[in-house]
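# sequence first, predicted model second:
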Amino acid sequence: MQNLKKLLLLGLLICSPLAIAANSGKIATISTSGSHSTWGTGHRNIVQFTIFGGFDAPGCDSTYAGIRKDESILIEALFQARAIGQPINVQLDNSDTYYDGTRCIVTDLWY
């Protein structure tokens with residue numbers, strides 16, 4: 001019975017629309033774009049970043065991830081981690097994307 005519960009939980013996690021792979025690494029780059037970004041409408045109001053080693057989440061770009069401008073607590077944590085050289089862990093949502101539909105939005109960030 002215990003193994004059945006574990007298999008059920010694993011199945012639910014795999015089928016979740018949230019890309020559950022916790023992606024971790026030191027922040028390599030951060031770029032920001034405002035509401036009048038010349039990078040195109042798909043980049044507007046996004047803080048985009050990369051981590052050394054890249055991201056590994058189903059349905060998500062392996063190089064870039066982004067945080068929407070209204071998620072100020074996540075943005076503050078991102079810049080703080082970069083300032084102190086702290087590796088981060090992020091949760092990516094493959095149902096919430098920007099730019100070309102493969103760059104996923106961060107829902108959680110911790111270190």
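That came in fine, so what should we check first?
# any weak-confidence spans in this structure?
Low-confidence segments of the chain (pLDDT under 70): 1-22.
# which stretches of it form helices?
2-15, 72-84 (DSSP state H).
# mind listing what's buried along the last one?
Of the residues in helix 72-84, 74-75, 77-78, 81-82 count as buried by neighbour count, 16 or more other Cβ atoms under 10 Å. C-betas here are computed from N, CA, C, even on glycine.
# which single one of these is nearest to Asp61?
Leu78 (17.0 Å; Cβ to Cβ).
# any idea how far Asn23 is from the closest one?
Separation of Leu78 from Asn23 (Cβ to Cβ, to the nearest Å): 13 Å.
# repeat for Ala57
From Ala57 to Asn23 the distance is 6 Å (Cβ to Cβ).
# contacting residues for Gly85?
By Cβ atoms under 8 Å, 6 or more residues apart in numbering, the residues touching Gly85 are Lys26.
# follow-up on the earlier one: got any residues that touch both of Ala57 and Asn23?
Taking Cβ under 8 Å, 6+ apart as the criterion, Ala57 and Asn23 both touch Leu92.
# which other residues reach the longest strand seen in the chain?
Among the segments of the chain that qualify as a strand by DSSP state E, the longest is strand 88-98. If you take Cβ under 8 Å, 6+ apart as the criterion, strand 88-98 is touched by 17-27, 42-43, 46, 51, 55, 57-60, 65-66, 77-78, 81, 103-111.
# how far does that strand sit from the chain's center?
Distance of strand 88-98 from the chain centroid (Cα atoms, centre = their mean, to the nearest Å) equals 3 Å.
# which parts of that strand are buried?
By 16+ other Cβ under 10 Å, the buried positions in strand 88-98 come out as 88, 90-94, 97-98.
# which of those residues sit farthest apart?
Most distant of the buried residues of strand 88-98, by Cβ to Cβ, are Ile88 and Thr97, 19.8 Å apart.
# could you check how far the residue lying closest to Asp70 once chain neighbours are set aside is from His36?
Nearest in space to Asp70, with sequence neighbours left out and distances taken as Cβ to Cβ, 6 or more residues apart in numbering, is Asn45 at 7.9 Å. Distance of Asn45 to His36, given as Cβ to Cβ: 10 Å.
# cool, Thr97 as well?
Thr97 is 21 Å from His36, where distance means Cβ to Cβ.
# thanks again, I'm all set now.
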